[in-house]
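S.K.: sequence unknown, structure follows:
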Ligand code: TRP
């Protein structure tokens, strides 16, 4: 069986370092590993509209931001198909048929939908499109016969629900769709990178994100203002590393060889943590180290972005071409789905023959 990736993001803002360690970095590695037969990366504008129906301009503006973030991180249109969800009408058609295979109560139990309903204060009036987006996401994944879905931990219930839909479809209509596997980050800190304020969720409205496109000064300021251990007041005080955002970020980003470069007094992160726990290590020193570590990772991305920003029409061209390719792939699956469901009346000469027999004589 072919190894195929499908993944994507909602274009509701620029991508931040949480997106990067949670999935984006991995996608680039998978792309360059050469182990996959096909890689599809989708800008999920239609899904973004399910809870931004009154603000299509926000979604429209952010498509280019996400595309620039993708490509500056190293997603390469020569190797990966970058496309826009709304340009693939076949996805809606698939979703329409999958809707018959999912119950309202199953959707209500989807943990991601549950949290998002709370976050958006939708409790009393949930848009139907929003409520059913897990079904639409199942279409995204299955349309490409994806075997592998590299995403953040929050997307686990979506992939789980997709697997159920695939299972149900195949058992009702015959083996047609492919059951996808989720691919999560292996590093615990990358699973859910907190905001700079220590809150579990990075979100634009909380102002606690570090964006991939932030300049060095902005990043430095954000790091210097980062939440640490509130009880670590004097340098000599013993400090906590658990729940200390600066250390969580170091867990996610720092590489052993960076100690030699920036903090030669320590051999590795464990030694640095031990010193902090004992007392005698100030927050500022750790924050400066984190700043160097992040700069090393983000500076090349920033530079590539600057280059890409010089030719915006080219980026749209990439997305247009990608959407054409994606559409062909989705159309192939849709046709197999309709055949399996026997809603292919005009292609079915057997059907026409049988019906005419019935009415003969
Ligand atoms: N739900 C994802 C997000 O919130 C975006 C998305 C839409 C997606 N369809 C997908 C991700 C299919 C993986 C596979 O960012």
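M.R.: Thanks, I have it. Every value quoted in this text rests on a predicted model; they were computed, and no experiment measured them.
S.K.: Could you check the pLDDT of the residue of the chain found nearest the ligand?
M.R.: Closest residue of the chain to the ligand, C-beta to the nearest ligand atom: residue 44 (3.7 Å). Just so you know, the C-beta spots here come from the backbone N, C-alpha and C atoms, and that holds for glycine as well. pLDDT, residue 44: 98.
S.K.: show me what contacts it?
M.R.: 8, 9, 10, 11, 85, 140 (C-beta atoms under 8 Å, 6 or more residues apart in numbering).
S.K.: how about 10 Å then?
M.R.: 7-12, 50, 59, 66, 84-86, 91, 133, 136-137, 140 (C-beta atoms under 10 Å, 6 or more residues apart in numbering).
S.K.: And residue 91, by the same measure?
M.R.: Per C-beta under 10 Å, 6+ apart, neighbours of residue 91: 42, 44, 46-47, 85, 136-140, 142-144, 326-327, 330, 333-334.
S.K.: mind redoing it with 6 Å?
M.R.: For residue 91, the contacting residues are 139, 143, by C-beta atoms under 6 Å, 6 or more residues apart in numbering.
S.K.: how close does it sit to residue 338?
M.R.: Shown here: residue 91 relative to residue 338, a distance of 14 Å by C-beta to C-beta, to the nearest Å.
S.K.: How about residues contacting the least confident helix or strand in the chain by mean pLDDT?
M.R.: Lowest on mean pLDDT, DSSP states H and E among the helices and strands of the chain sits helix 188-191, with a mean of 82. Here helix 188-191 makes contact (C-beta under 6 Å, 6+ apart) with 21, 22, 153, 185, 248, 251, 252.
S.K.: Hmm, the last one is touching residue 22, no?
M.R.: No: taking contacts as C-beta atoms under 6 Å, residue 252 lies outside contact range of residue 22: 9.2 Å.
S.K.: who in the stretch 51-200 of the chain is up against the ligand?
M.R.: 137, 140, 141, 149, 151, 155, 158 (C-beta under 6 Å from any ligand atom).
S.K.: so who does residue 62 touch?
M.R.: 11, 12, 13.
S.K.: my read is it is in a helix, agree?
M.R.: Yes: counting by DSSP: H, G, I helix; E, B strand; the rest coil, residue 62 is found in a helix.
S.K.: Once you drop chain neighbours, what's closest to it?
M.R.: residue 11 (3.9 Å; C-beta to C-beta, 6 or more residues apart in numbering).
S.K.: For burial, what's the neighbour tally of that neighbour?
M.R.: 27 (other C-beta atoms under 10 Å).
S.K.: Just to check, it is in contact with residue 66?
M.R.: Yes: counting by C-beta under 6 Å, residue 11 does reach residue 66; the two are 4.6 Å apart.
S.K.: what residues do the two have in common as contacts?
M.R.: residue 43.
S.K.: which residues touch stretch 219-234?
M.R.: Counting by C-beta under 6 Å, 6+ apart, 196-198, 210, 239-240, 244-246, 283, 287, 290-291 sit against stretch 219-234.
S.K.: hmm, 7 Å instead?
M.R.: Outside stretch 219-234, the residues that touch it by C-beta atoms under 7 Å, 6 or more residues apart in numbering are 196-198, 210, 239-240, 244-246, 283, 287, 290-291, 294, 298.
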